[in-house]
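>>> Predicted coordinates and the sequence they were generated for:
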Amino acid sequence: MIMVLAGTSDGREIVKTLASHGYRVLACAATPYGASLLEGSGALRVSGRRLSGAEIGRVIEENKVEILVDATHPYAVEVSATASEVCREKRVRYIRYQRPASPIKEHSLVFYVKSYQEAAVKAAELGEVIFLATGSKTLDVFWEAAKKRGRRVIARVLPHPDVLKKCLDLGLTPADIVAIQGPFSREVNLALLRHYNAGVLVTKDGGARGGA
């Protein structure tokens, strides 16, 4: 059995490819929505919840997993570290699929930062309208920094009830929320930035291919 932590579109393709070649695959996503995207992939079983280290170990033992393929998002570092450690303990081969970094040219309008906190402060310094394309996980960090300087935040997030509730609970209005599933073309990105008259775009390098 091959266990695939399929947290990205790349992960889903890996599951489909393995299954099409006759391998028995157990596909794991962190959410029910992620699991729904794996339906029809050819996996023998699909899991749709976040697994702890102990749970990953139990799944490996119960399903006699021989190889674990970690195709989670490049920023899901805790999950990758946990999976790698469990595989060492269980003597299971661990393969990490890592997207190549995006090619970004140096430019006077491009600013690199080392943390979400630093990005939040920098964004609030640079523009009146901040288009946030880093998801909902650290939305509160950017929201607080923007409020201190009277800036507007436009949050592009997944169209999931829990995510939308988080946005509204923080204080964003429906006019500040772009609930849409990626990946996005260059044209769509440009249209959104122009529509909201954004002065700053906050993004992260999730690799050449984006979207869940």
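Received, thanks. Numbering: from 1, shown residues only.
>>> Quick check: the residue lying closest to residue 151 once chain neighbours are set aside vs residue 65, distance?
Closest residue to residue 151 apart from its sequence neighbours, by C-beta to C-beta, 6 or more residues apart in numbering: residue 124 at 5.1 Å. Quick note: C-beta positions are derived from backbone N, CA and C, even for glycine. Applying C-beta to C-beta, to the nearest Å, the value for residue 124 to residue 65 is 46 Å.
>>> Tell me, please, the helix or strand in the chain that averages the lowest pLDDT.
Least confident helix or strand of the chain, by mean pLDDT, DSSP states H and E, is helix 32-37 with a mean of 87.
>>> Check what pLDDT the most centrally placed residue in the chain gets.
In the chain, the residue lying closest to the centroid (C-alpha atoms, centre = their mean) is residue 73, at 5.2 Å. You'll see residue 73 listed with a pLDDT of 78.
>>> What are the buried residues along whichever strand or helix holds the residue nearest to residue 151?
For residue 124, the element it lies in under DSSP states H and E is helix 116-126. By neighbour count on 16 or more other C-beta atoms under 10 Å, the buried set for helix 116-126 is 116, 119, 120, 121, 122, 123, 124.
>>> can you give me the strands for the chain?
For the chain, the strands defined by DSSP state E cover 2-5, 25-29, 45-48, 67-70, 93-96, 129-132, 152-157, 177-179, 200-202.
>>> right, and those - which one's nearest residue 83?
strand 67-70 (5.3 Å; C-beta to C-beta).
>>> who does that closest one pair up with?
strand 2-5 (parallel), strand 93-96 (parallel) (DSSP bridges).
>>> Out of those strands, which gets nearest to residue 188?
Closest to residue 188 of the strands paired with strand 67-70, according to C-beta to C-beta: strand 2-5, at 28.2 Å.
>>> can you pull out the helices in this structure?
Secondary structure of the chain (DSSP state H): helices located at 9-20, 32-37, 53-62, 77-90, 116-126, 139-148, 161-170, 186-195.
>>> Nearest to residue 179, out of these?
It is, among the helices of the chain and with distance given as C-beta to C-beta, helix 161-170, at 6.1 Å.
>>> I'd like to know how far residue 203 sits from residue 189.
Taking C-beta to C-beta as the measure, residue 203 and residue 189 are separated by 9 Å.
>>> actually residue 31, not the one I wrote
Residue 31 is 24 Å from residue 189, by C-beta to C-beta.
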